[in-house]
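In: using only what follows, build the 3D model:
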Amino acid sequence: MVWQQVYDPFGSMVLSTLLAAIPVVVMLAALGFFHIKAHIAAALGLAAAFCVAVFAYSMPAAMAGKAALLGGFTGLLPIGWIVLNIIFLQQLCEQNGSFKVLQASLSGITNDRRLQLLLIAFCFGAFFEGAAGFGTPVAVTAGILIGLGFSPLAASGLSLIANTAPVAFGALGSPVITLAKVHGYDLMEVTAMIGRQLPFFSLLVPFWLIWAFAGRKAMWDIWPAILVTGLSFAIPQFLVSNFIGPELVDIIAALVSMASLILFLRVWQPKTVWTSASLKGREAETARPAESVGKYTRAELVRAWTPWLILTVFVFIWGLPPVKAYFNTLFAPKFPMDGLHNLVMRVPPVVPHAEPEAAVYVFNLLSATGTGILLSAIVGALFMHYSLGAIVRTFFRTLWLVRYSLLTIVLMLALGTLTRYSGTDTTLGLAFANTGALYPFFGTLMGWLGVAMTGSDTASNVLFGGMQKVAAEQLGLAPNLMGAANSSGGVMGKMIDAQSIVVASTATRWINHEGDILRFVFFHSFALAVLVGVMVTLQAYVWPFTLLVIR
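Out: Next up is the predicted model:
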């Protein structure tokens, strides 16, 4: 039986929108205000989504259950698989003392916590976002920061804030490539448009990051280093996106930014070294001093860095489309969800013509980024002289350690997938679309909402990219502008999506504190999304020259 989505079941967009928002409100309120454990909050949100879908939107209960099941499987692979194996590598490095050596070697570059944050959370994280995406950068950078002595909230929250500007071109350009492929945008034109929106925020976010960490005065104390970091990322981001394409934007920009900052620190150091690893700390002189790099031999430093270099190589290789395609030819069975696949119809104005929604779970274990991370962890463990038995024992200890985090990710992806198939998230999107001349601003917030709900800029582009195009054409706006705005606005929603918060709390072993992380990052997420909306509005009405093709 084919079921057609209805976006205004009560004939009142106000009432329908309020009902559609219930699942998200339930989960976020439980997590952020009532301090309920994350997996229980996700379960409550999922239950609310099921009730709204079945009783308010008249979705068949069997379809709703299968949509949630599909989301749960997606939560395990690829997202949960990445988290598990990153924490596995982290555990291996902690057990043999590599993290202490890593901290000392970073102190050899700088022992100022603000500069370490720029180097790791922003530059290093942007590289992993460009190579893999899907939670990898937050898992890696939060894990490294906690190993370097940052407080759990600082390591978690600041990794989330830093992982914003690179997201639109993450996983070798997957979000924008998917946007163009699914909704018929010109790939190079929409890529160039994103590349004219995000460089401003690539310059702004490093300043914002240090302000959130240490306060305004401490931020201005190192403004030259922040400026070098931001400019050396923003300029390559603009050039590569406008003149080459989406695939290597983040990787090239991250490498240039990392190299520029390291070279700059050879000729410049701050007058006052900030050694506090807590948010907005004020007693730097009483903080635990970093170990000296001089106490370790060159061989020990190489052993400490090698597992992370191996990880970098494996993640980059696994992110290459030809490599993924090859692995998928070897093993990637597809499982259509009977009773759901092609039986849910999306209808105008979301799409130009009614079309069925596919529901196929691809068990692409070989090509999954988490598999590359697992292999890199095993190779790194052998390099660190672990026995096979010790590797296996550590893996299962890690699995037990992250069991609740994996359950939370499964439940949250089930919630997000159910709202997609039931059409409730589309109702929320349509509420933004009905804003007339203010649509450039609110359409950008639609992208922010999409990522906050789905946890993925790619998923948000699939969900709302078509609606952005239709609405833009009806209002006489440039479709590429609003397609790009969906992706650019979406990057700011990445720091508050539930799965990213769980990844951060797991990487820092700050389990059951997801609500604390959410409360810390929410203002930053919304404020930055508003700024993106303002910029898109200026592009639409004040700076129309930015819409021209310049290649």
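
In: residues of stretch 312-321 that come out buried?
Out: By neighbour count on 16 or more other CB atoms under 10 Å, the buried set for stretch 312-321 is 312, 314-316, 318-319. Placement of C-beta: from N, CA and C, glycine included.

In: which of the residues you listed fall in helices?
Out: Judged by DSSP state H, the buried residues of stretch 312-321 include 312, 314-316, 318-319 as members of helices.

In: among those residues, which one sits closest to Met13?
Out: Of all these, Met13 sits closest to Gly319, with 40.8 Å by CB to CB.

In: can you check the pLDDT for the nearest residue to the closest one once chain neighbours are set aside?
Out: Closest residue in space to Gly319, ignoring its immediate chain neighbours: Ala131 at 4.5 Å, by CB to CB, 6 or more residues apart in numbering. On the pLDDT scale, Ala131 is placed at 83.

In: Ala131 is in contact with Leu248, isn't it?
Out: No. In this structure Ala131 lies outside contact range of Leu248 using CB atoms under 8 Å: 9.9 Å.

In: give me the common contacts of the two.
Out: Taking CB atoms under 8 Å, 6 or more residues apart in numbering as the criterion, Ala131 and Leu248 both touch Leu172.

In: and the two? Which one has more around it.
Out: For Ala131 versus Leu248, neighbours defined as other CB atoms under 10 Å are more numerous around Ala131 (27 against 18).

In: could you pull out the strands in the stretch 201-350 of the chain for me?
Out: Here the stretch 201-350 of the chain has its strands, by DSSP state E, counting those that start in this stretch, at 334-336, 344-346.

In: tell me which of those approaches Ala180 most closely.
Out: strand 344-346 (18.7 Å).

In: and the strands of the stretch 201-350 of the chain, which is most packed in?
Out: Each of these was scored by mean neighbour count; the highest is strand 344-346, a mean of 19, by mean count of other CB atoms under 10 Å.

In: any residues touching that one, and which ones?
Out: Counting by CB under 8 Å, 6+ apart, 2-5, 63, 67, 354-357, 359, 421, 423, 426 sit against strand 344-346.

In: try it again with 7 Å
Out: Under the contact criterion CB atoms under 7 Å, 6 or more residues apart in numbering, strand 344-346 has outside partners 2-5, 63, 354-357, 421.

In: pLDDT of it, averaged?
Out: 93.

In: pull the distance from it to the chain's centre.
Out: Centre-to-centre, strand 344-346 and its host chain are 28 Å apart (CA atoms, centre = their mean, to the nearest Å).

In: Ala459: which of the ones in helices among the buried residues of stretch 312-321 is nearest?
Out: Checking those against Ala459 by CB to CB gives Gly319 as the nearest, at 17.8 Å.

In: contact partners for that closest one?
Out: 131-132, 171-172, 369.

In: nearest to Met453 among those residues?
Out: Looking across the contacts of Gly319 and measuring by CB to CB, the closest to Met453 is Ala171, at 19.1 Å.

In: Three-state assignment for the closest one, please.
Out: What DSSP: H, G, I helix; E, B strand; the rest coil gives for Ala171 is helix.

In: what's the neighbour count on it?
Out: Neighbours of Ala171 (other CB under 10 Å): 26.

In: dump the buried residues of stretch 312-321 to a markdown table, plus distance to Ser376 and pLDDT.
Out: Formatted as a markdown table, the buried residues of stretch 312-321 follow (distance: CB to CB, whole Å; pLDDT from 0 to 100):
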| residue | distance to Ser376 | pLDDT |
| --- | --- | --- |
| Thr312 | 8 | 85 |
| Phe314 | 4 | 92 |
| Val315 | 7 | 86 |
| Phe316 | 10 | 87 |
| Trp318 | 9 | 90 |
| Gly319 | 13 | 84 |
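
In: any idea of the mean pLDDT in stretch 106-113?
Out: 81.

In: straight-line length of it, end to end?
Out: Separation of the first and last residues of stretch 106-113 by CA to CA, to the nearest Å is 10 Å.

In: what helices or strands is the lowest-mean-pLDDT helix or strand in the chain leaning on?
Out: None of the helices or strands of the chain scores lower by mean pLDDT, DSSP states H and E than helix 98-109, at a mean of 75. For helix 98-109, the packing partners by 3 or more CB pairs under 7 Å, 6 or more residues apart in numbering; DSSP states H and E come out as helix 136-147, helix 298-319.

In: can we see that at 10 Å?
Out: The contact analysis (3 or more CB pairs under 10 Å, 6 or more residues apart in numbering; DSSP states H and E) places helix 98-109 against helix 81-95, helix 113-117, helix 136-147, helix 298-319.

In: give me the residues contacting it.
Out: Identification of contacts with helix 98-109 by CB atoms under 10 Å, 6 or more residues apart in numbering yields 90, 92-94, 111, 115-116, 119-120, 143-144, 146-149, 261-262, 265-266, 275, 289-297, 300-308, 380, 384.

In: is Pro356 in a helix, a strand, or coil?
Out: strand.

In: and the nearest residue to it once chain neighbours are set aside, backbone torsions?
Out: Spatial nearest neighbour of Pro356, chain neighbours left out: Asn342 (4.0 Å); criterion: CB to CB, 6+ apart. Main-chain dihedrals, Asn342, degrees, to the nearest 10: phi 60, psi 20.

In: cheers, nothing more for now.
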